[in-house]
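Peer 1: just a sequence and a predicted model for now, questions to come.
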Amino acid sequence: MISSLQENPKAKLFFIIFLALVIRLAGIFSRPIWYDEAFSILFSEKGLGAMIYGTLSKSGAGTADIHPLGYYTLLWAWMSIFGQSVLAARLLSILTNLISLILVYLIACNLFNKKTAITAAALFAILPFQVHFAQEIRMYSLLSLWLLIATFSFLRGRTGNWKWWILFGVSSALAQYTHNLAAIYLIPLALTPLIQRDIKTLKSIGLASIFAVILYLPWLIYLPAQFSKVNTSYWVERPGIEKIFTLLLFYLPHLPLPNKLLLPTLMISVITVALAVFQTMLARKKSLSNPRRGLWLAYLAFTPPLLLWLISQFVPVYIERALLPAHAIFCIWLAWAFTQTELPKPVQILGFGLITIAAVIGIFQHVNYAGFPYGPFSTLGRRIQSEYQQGDTIVHSNKLSYLPAFYFDPKTPQEYITDPAGSSTDTLAPATQEILQVHASNDIQTATLGKNRIWFIIYQQSIDEFTAQGYQNHPQLEYLAKNFNLEKVEEWGDLRLYLYSRR
């Protein structure tokens with residue numbers, strides 16, 4: 001078997017796909033879901049008509065979702081066949097990510113050779129940034145798939161076959177239907193012929209881009225309203241220069257990480273990327289192994305985050321997960337820099353060793369992390385049910401814990417306290433609440449009015465945010481302490497469960 005792997009590139013690729021599948025299945029049952037994943041399932045199960053109403057409704061200060069409906073529609077179709085369990089929903093992301101792995105291999109083959117392609121596929125298989133979003137019930141794995149198809153179509157279209165340009169237009173449009181930030185990758189990709197002064201390809205990609213815009217036009221007319229909602233109801237803050245370092249951490253070990261591991265993994269990331277940059281410059285100077293293609297890969301790996309950072313100085317939308325397709329190209333760039341630029345063997349081994357260390361640390365942290373915004377919502381629901389009495393109410397401090405708990409237990413009466421109207425966290429509009437059939441109160445006083453016993457759920461991080469500002473306690477907890485008797489407090493990971501009874 002070992003000799004077969006050494007001699008047969010196809011056998012190597014199948015082994016890497018199998019390895020990637022095993023890694024992506026690790027912890028898929030034990031990893032808890034969080035607010036965004038619960039929203040994806042609950043929102044998608046309502047069907048296309050309800051999703052359109054919730055997304056495009058102008059009622060209220062918030063918004064159902066600022067994303068187009070491409071992923072949600074696909075998830076709705078997928079769940080109608082395979083069910084609405086967490087496992088079934090996550091398998092869709094795993095499948096799209098594995099197809100992306102094959103595309104990474106094909107792109108690297110097209111640019112270089114099978115040795116580099118196998119290396120790129122292996123890096124894609126083990127780096128935690130890809131593993132994380134291959135398991136998450138969100139649209140980012142699908143976004144990466146469409147943009148990698150667009151990249152491969154671009155490379156093949158340069159040979160003159162117009163069918164590839166049609167595929168480029170279709171995949172680009174589907175990427176935009178999946179996430180509004182697809183443009184931060186498509187723009188640098190489309191500008192490639194202009195930078196390389198390839199007039200023939202520039203004309204072709206111009207026509208293909210117009211075709212993509214025409215396909216996207218039915219949703220494009222709603223884009224200004226979507227971005228206006230981002231300005232009023234989006235939680236992302238304006239990024240600073242620190243994003244340079246966090247980008248390297250996301251690209252290699254991934255975040256979050258324990259504080260004690262931040263500096264060592266940052267050093268690993270800096271050394272690895274610096275080594276690849278040095279080899280890229282050296283290849284350009286000595287004209288080694290298609291340096292223009294290596295530079296182009298570096299351009300596609302780092303221009304999207306730069307563009308996203310610049311846009312976010314005016315409209316803060318900097319979310320690293322939108323950079324998943326750029327990270328796929330980053331894997332190909334690293335593979336080229338380490339295998340095609342005459343890197344000394346000991347240094348090559350060192351480089352791959354550092355990447356492996358970062359990957360192992362990141363995957364271990366990913367599989368075992370259960371802090372904010374995650375929580376054992378299914379187990380917590382059963383715990384409450386064991387002592388639940390008629391007339392009790394379950395109140396969540398905010399929607400972040402409510403929606404996952406509601407997914408696991410939609411029948412037990414529970415509600416959450418809404419975000420301050422017009423704040424950056426006010427992202428669940430009345431129209432969304434209506435189609436999701438969720439229950440909310442404007443304040444803790446309203447939520448507990450006339451109730452004898454209250455099960456109150458809050459993240460420890462929410463408490464810490466107030467105490468860090470000089471408060472003695474969270475305002476909702478202060479109100480409950482003044483008006484109810486505290487029966488018990490339980491810790492469930494980063495969640496805190498309080499039971500109060502009326503005096």
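Peer 2: Noted; the coordinates are in hand. What you are looking at is a predicted structure, and each value in this text was computed from that prediction instead of being measured.

Peer 1: which elements pack onto the host helix or strand of residue 72?
Peer 2: Element membership of residue 72, judged by DSSP states H and E, is helix 70-82. With contacts defined as 3 or more Cβ pairs under 8 Å, 6 or more residues apart in numbering; DSSP states H and E, the packing partners of helix 70-82 are helix 35-44, helix 48-56, helix 86-111, helix 140-157, helix 162-178. All C-beta atoms are positioned from the backbone trio N, CA, C, and that covers glycine.

Peer 1: nearest to residue 359, of the ones you listed?
Peer 2: Nearest to residue 359 among those is helix 86-111 (14.6 Å), distances taken as Cβ to Cβ.

Peer 1: state the mean pLDDT of that closest one.
Peer 2: Throughout helix 86-111, pLDDT has a mean value of 97.

Peer 1: show me what the very next helix or strand once past it is packed up against.
Peer 2: Proceeding N to C from helix 86-111, the next assigned helix or strand is helix 114-126, under DSSP H and E. Here helix 114-126 touches helix 9-25, helix 86-111, helix 324-339, helix 345-368, going by 3+ Cβ pairs under 8 Å, 6+ apart.

Peer 1: and the longest one, how far from the chain's centre?
Peer 2: Pointing back at helix 86-111 there. Here helix 86-111 is found 15 Å from its chain centre; the criterion is Cα atoms, centre = their mean, to the nearest Å.

Peer 1: any idea how far the residue nearest to residue 249 when sequence neighbours are not counted is from residue 454?
Peer 2: Among residues not flanking residue 249 along the chain, residue 255 sits closest, at 5.3 Å (Cβ to Cβ, 6 or more residues apart in numbering). Separation of residue 255 from residue 454 (Cβ to Cβ, to the nearest Å): 35 Å.

Peer 1: kindly report the same for residue 295.
Peer 2: Relative to residue 454, and taking Cβ to Cβ, residue 295 is found at 61 Å.

Peer 1: ditto for residue 90
Peer 2: For residue 90, the distance to residue 454 - Cβ to Cβ - is 33 Å.

Peer 1: same deal with residue 173?
Peer 2: For residue 173 relative to residue 454 (Cβ to Cβ), the value is 49 Å.

Peer 1: neighbour count for those two, which is higher?
Peer 2: For residue 173 versus residue 454, the count of surrounding residues by other Cβ atoms under 10 Å is larger for residue 173: 25 against 21.

Peer 1: count of neighbours near residue 351?
Peer 2: 19.

Peer 1: same check on residue 80?
Peer 2: 12.

Peer 1: now swap in the one 5 residues further on and tell me
Peer 2: Applying other Cβ under 10 Å, we find 11 residues neighbouring residue 85.

Peer 1: residues contacting it?
Peer 2: Applying Cβ atoms under 8 Å, 6 or more residues apart in numbering to residue 85 gives no contacts.

Peer 1: okay if I get the helices and strands packed on helix 114-126 as TSV plus distance to residue 487?
Peer 2: Converted to TSV, these look like this (distance: least, Cβ to Cβ, whole Å):
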stretch	distance to residue 487
helix 9-25	41
helix 86-111	31
helix 324-339	45
helix 345-368	32
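
Peer 1: check those helices for me and report the most buried one.
Peer 2: Neighbour counts (mean count of other Cβ atoms under 10 Å) averaged over each of those peak at helix 324-339, with a mean of 26.

Peer 1: who are the packing partners of that helix?
Peer 2: helix 86-111, helix 114-126, helix 128-135, helix 140-157, helix 243-251, helix 259-286, helix 291-312, helix 345-368.

Peer 1: so for that helix, what's the average pLDDT?
Peer 2: Helix 324-339 comes out at a mean pLDDT of 97.

Peer 1: let me know the angle separating it from helix 162-178.
Peer 2: 130 degrees (axes from the mean of the first three to the mean of the last three Cα atoms, to 10 degrees).

Peer 1: list of residues touching the helix holding residue 72?
Peer 2: By Cβ under 8 Å, 6+ apart, helix 70-82 touches 40-41, 43-48, 51, 65, 88-89, 91-92, 137-139, 142-143, 174, 177-179.

Peer 1: how about 7 Å then?
Peer 2: Identification of contacts with helix 70-82 by Cβ atoms under 7 Å, 6 or more residues apart in numbering yields 40, 43-45, 47-48, 51, 88-89, 92, 139, 142, 174, 177-178.

Peer 1: just the CA atoms of that helix, as PDB, please.
Peer 2: C-alpha atoms of helix 70-82 as PDB (Å, rounded to 0.1, in the frame of the first residue of the first chain):
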ATOM      1  CA  GLY A  70     -28.300  30.700  -1.900                       C
ATOM      2  CA  TYR A  71     -27.000  28.600   1.000                       C
ATOM      3  CA  TYR A  72     -30.200  28.600   2.900                       C
ATOM      4  CA  THR A  73     -32.100  27.400  -0.100                       C
ATOM      5  CA  LEU A  74     -29.600  24.600  -0.700                       C
ATOM      6  CA  LEU A  75     -29.700  23.700   3.000                       C
ATOM      7  CA  TRP A  76     -33.600  23.600   2.900                       C
ATOM      8  CA  ALA A  77     -33.400  21.200  -0.100                       C
ATOM      9  CA  TRP A  78     -30.700  19.100   1.600                       C
ATOM     10  CA  MET A  79     -32.600  18.800   4.900                       C
ATOM     11  CA  SER A  80     -35.800  17.900   3.100                       C
ATOM     12  CA  ILE A  81     -33.900  14.800   2.000                       C
ATOM     13  CA  PHE A  82     -31.600  14.000   4.900                       C
END
